[in-house]
Every structure is written in C-alpha cells, then in structure tokens.
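Enquirer: For reference, the sequence and a predicted model appear below.
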Amino acid sequence: MMLLCPPDGTQLHASCVSLKEGAVLLLGNSGSGKSDLALRLIDDGAKLVADDRVNLVASGGQLHASVPQPIAGKIEVRGIGILTLPYVQNIPVKLALRLEPGQVQERLPESSFFDCLGLRVPLLSFNPFEGSACAKIRVFLQYGI
C-alpha cells in the first residue's frame, strides 16, 4: 500500500518530530493524536520539527522536513494551549505514520510506503494512544529499516 503526498505542493497537514535516527512524520485527521504523540515523543527526548503543518523538500535523495516559519517552535497541547519549544529544521524523514486511533493493528502488516516528491519512506498504520506507541517507533527506527 502507498500513501501519496498532495500533488499541489509539499506542505502537509501533519506533525513531525526528530529522533536520532531521523524525522518521523505523523499523518492523520484532526483529533487523531498527532500533537499528543509528538508531545510524548518530545517528553521522551525527541525534538520538535513541526506541529500542524510540515514543509517537505527533496534533497540529496531524501525527503526532508521543516516547519513553516509562522508556526516555528509552536505545538498545541490540548487542555493547556499553544506552547513554544525548541525546534529543529531540515531533518531527513525516516518514517511516516498514518494515525488511526482505536483501530486494531494488523499483527504482521505488509510493507507500505509514503511516496512524496519521487521519494519513498516506510509507512505504518498506527494507533497513537497505545501505551507502547513511543517504544514501537524507536524500535522500528533502530531495527526495522
């Protein structure tokens, strides 16, 4: 299965964080848990790239993520408001997650990919609210690619 980026540009409604292995792109509808999962990953040592909107560019054979300047360093934390955090830019995307809260995940899914700007990164369908969500992301980045 593939998920394609919008044909009309390289800015997505998504969130993105950076771990030592690279950026994780969090894709999903409003309320699907993008900001919540990003916040939990940041609390666990990740760095904010972008929340709500992510710019993507192809560079050096990789997809790179950055934040649009008007929202640089901003993240929405439900029940608290908009916070300003340190952020990083121009991070190679190593994994895309299609957030599907409440969905039962396949035990052994087939390989899927996020295709954007002629580049491809692994794509996982993902329940962001599982207790093991952050651990699954870290293990996949370390051993699954």
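Expert: Now that the structure is in, tell me what you want to look at.

Enquirer: Next, the nearest residue to Phe129 once chain neighbours are set aside: phi, psi?
Expert: The shortest distance from Phe129 to any non-neighbouring residue, by Cβ to Cβ, 6 or more residues apart in numbering, is to Pro101 (5.5 Å). Using the backbone N, CA and C atoms, a C-beta is placed for each residue, glycine as well. Main-chain dihedrals, Pro101, degrees, to the nearest 10: phi -60, psi 140.

Enquirer: State the mean pLDDT of the helix or strand in which Ser15 is found.
Expert: Applying DSSP states H and E as the criterion places Ser15 in strand 11-19. Averaging pLDDT along strand 11-19 gives 96.

Enquirer: Output the contacting helices and strands for it.
Expert: Helices and strands touching strand 11-19, by 3 or more Cβ pairs under 8 Å, 6 or more residues apart in numbering; DSSP states H and E, are strand 22-27, helix 34-43, strand 47-50, strand 53-59, strand 91-99.

Enquirer: and these as JSON lines, adding mean neighbour count and mean pLDDT?
Expert: Listed next are the helices and strands packed on strand 11-19 as JSON lines, based on neighbours: other Cβ atoms under 10 Å; pLDDT from 0 to 100:
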{"stretch": "strand 22-27", "mean neighbour count": "26", "mean pLDDT": "97"}
{"stretch": "helix 34-43", "mean neighbour count": "21", "mean pLDDT": "96"}
{"stretch": "strand 47-50", "mean neighbour count": "25", "mean pLDDT": "98"}
{"stretch": "strand 53-59", "mean neighbour count": "18", "mean pLDDT": "93"}
{"stretch": "strand 91-99", "mean neighbour count": "22", "mean pLDDT": "96"}
